[in-house]
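Student: missing the sequence, but the structure's below:
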């Protein structure tokens, strides 16, 4: 196309160019641009996803679903795939990252009730500096919910993240209660 643009600047040379070839070059450029734009939209959605191990079910479920639908809607052709991140030794490709996120959300989806119970129990726990002996029922409820989560993790042979803040609150509150 660049050669055509350079040649078309000279009207005498432009007359000599094969019109059918020019049409094919322009059509190819148009298809290239269309594929690039379509793939870039999908890449942007995938780039916005966190690492699969850090997905928060409530926060990231819709984002992963949106990226997956966009990826599937494209019905990516080999030409479109070339525009997506191919990954490296240290980074997964766009397709691998999306697949890992979709798989993690599916796992979290199957454990949604257990995960919600854990998050609810932890939310009800007082912070470590406010824990008292009267909080025994809340502590036991959180411990049971965590035991259920650990059983689900063992069954799935996979860690189910509850969120860093929840994890920190749980362990610090339990430690404070046991020291109380």
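Tutor: Yes, it's here. These numbers were taken from a predicted model, which means no experiment stands behind them.
Student: sec struct for the residue positioned nearest the centre of the chain, please.
Tutor: Nearest to the mean C-alpha position of the chain, counting by Cα atoms, centre = their mean, stands residue 49 at 3.3 Å. Three-state assignment for residue 49 (DSSP: H, G, I helix; E, B strand; the rest coil): coil.
Student: can I assume it is in contact with residue 94?
Tutor: No: Residue 49 lies out of contact with residue 94 (Cβ atoms under 8 Å); the separation is 9.6 Å. (Glycine included, C-beta is placed from N, CA and C.)
Student: thought residue 87 was touching residue 96?
Tutor: Yes: using Cβ under 8 Å, residue 87 is in contact with residue 96, at 6.2 Å.
Student: Check the offset of the helix or strand that contains residue 72 from the chain's centre.
Tutor: With secondary structure defined by DSSP states H and E, residue 72 is part of helix 57-74. Counting by Cα atoms, centre = their mean, to the nearest Å, helix 57-74 is centred 8 Å from the centre of its parent chain.
Student: neighbouring contacts of that helix?
Tutor: 38-39, 41-42, 45-46, 48-50, 55, 80, 95, 98, 101-102, 105, 108-109, 112, 115 (Cβ atoms under 8 Å, 6 or more residues apart in numbering).
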